[in-house]
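Quick one, what's the 3D model for this:
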Amino acid sequence: MMWVAIACAVAGAFFLAFGAQRQGSAVQANTGGLALGGNGFLRLLRNPRWVLGLLLLGAGTALNVVALTLGTLVVIQPIGAIALVITTIVNAKDQGIRLNRGTVVSISLCVTGSGVFVLLAVNVVRENTHVTVVEELTVVLLLAVVVGILGSCMVLFKHRLKAFFYILGAGVLFGFVAVLTRIISKQLFDPNGLFLLNLQWYSILAIATAAGLGSWFVQNAYSSGPPDLVIAGLTVIDPMVGIAIGISILGELRPDVPAVVAIGMVGAALLAIVGVVALSRHHPDVVKKRDEARSDRRKGSRKTVKR
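I've put the predicted structure just below:
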């Protein structure tokens, strides 16, 4: 079952990558790099490119749900890094951007770190873990704290928030979506045959809140950053959150994990994170915007001197 889950996760990554690229380019064209407002979101609903991206994301999400039902968070979540490679290549061709060496190295670090993590984790996870009521409540309450923190930042620093904040917030929120998806899917297909009667109302409310707010964060991230940078954040932050919860709260790792494997998993995770940080600094679109900002500041200072 684990390898079937991995196959579904890989297929889902392809759909998510193309969907993200389509939506990202549509949002950029509609907002021109400005924050996404309510009217802008309504315009996107009438944009064929954005709607196609939504359908592709829906297909990818469905495949990911199947993967999370059959597999474990620790193994399935990092596979999303494949989407990073696809999105970067497709977006570069679409925007006529030439990938620089820093971008290629950064992507390689992300994919290598995620890939090594999966290969190590697949041999040390417990596949048939049962989620208790206490564990489920712990996840929901932890999500409530996260939503409170993110909401406070949006209220207090609304006009000062950059793309990285939205990428970080979306990654954390979708990490919880993945965890809750696994919990709910396990409840639906519980052998007791009760199906919907196994579901808890607070988990349904929690996943709806996390998915809705996370989607809003993603659209705002698209409006102020390239789609492959958004995907880079999501494919590392989202899995790391899901994996951390899977290990610390849901107990998905076996208790007899060799120290060498554990150290290797931590090292691989850090390698992927370094890749995302490097991509956020060396991506051609980011470098271009940084150079334009410097040029504008120089022009402004020259005008000031002339006066």
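
contacts and neighbour counts: CA atoms only from here.
Will do.

who touches stretch 20-28?
The set of residues external to stretch 20-28 that reach it, using CA atoms under 8 Å, 6 or more residues apart in numbering, is 44, 47, 49-54, 57, 87, 90-91, 219, 222-224, 226-228, 231.

So which of the residues you listed sit within helices?
If you go by DSSP state H, the contacts of stretch 20-28 have 44, 49-54, 57, 87, 90-91, 219, 222-224, 227-228, 231 in helices.

and whichever strand or helix holds residue 176, what does it pack onto?
Assessed by DSSP states H and E, residue 176 sits inside helix 163-188. Using 3 or more CA pairs under 8 Å, 6 or more residues apart in numbering; DSSP states H and E as the contact test, the elements touching helix 163-188 are helix 48-70, helix 73-76, helix 133-156, helix 201-224, helix 227-248.

Could I get the CA-only coordinates of the fourth one as PDB?
The reference is to helix 201-224. This file holds the C-alpha atoms of helix 201-224, laid out as PDB (Å, rounded to 0.1, in the frame of the first residue of the first chain):
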ATOM      1  CA  TRP A 201     -17.300  18.400  14.100                       C
ATOM      2  CA  TYR A 202     -14.300  20.300  15.400                       C
ATOM      3  CA  SER A 203     -12.000  18.500  12.900                       C
ATOM      4  CA  ILE A 204     -14.300  19.400  10.000                       C
ATOM      5  CA  LEU A 205     -14.400  23.000  11.100                       C
ATOM      6  CA  ALA A 206     -10.600  23.000  11.600                       C
ATOM      7  CA  ILE A 207      -9.800  21.700   8.100                       C
ATOM      8  CA  ALA A 208     -12.300  24.100   6.400                       C
ATOM      9  CA  THR A 209     -10.700  27.000   8.300                       C
ATOM     10  CA  ALA A 210      -7.100  25.900   7.500                       C
ATOM     11  CA  ALA A 211      -7.900  25.200   3.800                       C
ATOM     12  CA  GLY A 212      -9.800  28.500   3.300                       C
ATOM     13  CA  LEU A 213      -7.300  30.700   5.000                       C
ATOM     14  CA  GLY A 214      -4.400  28.800   3.500                       C
ATOM     15  CA  SER A 215      -5.800  29.300   0.000                       C
ATOM     16  CA  TRP A 216      -6.200  33.100   0.600                       C
ATOM     17  CA  PHE A 217      -2.500  33.200   1.700                       C
ATOM     18  CA  VAL A 218      -1.400  31.400  -1.400                       C
ATOM     19  CA  GLN A 219      -3.300  33.800  -3.700                       C
ATOM     20  CA  ASN A 220      -1.700  36.800  -1.900                       C
ATOM     21  CA  ALA A 221       1.700  35.100  -2.200                       C
ATOM     22  CA  TYR A 222       1.100  34.700  -6.000                       C
ATOM     23  CA  SER A 223       0.300  38.400  -6.300                       C
ATOM     24  CA  SER A 224       3.700  39.400  -4.900                       C
END
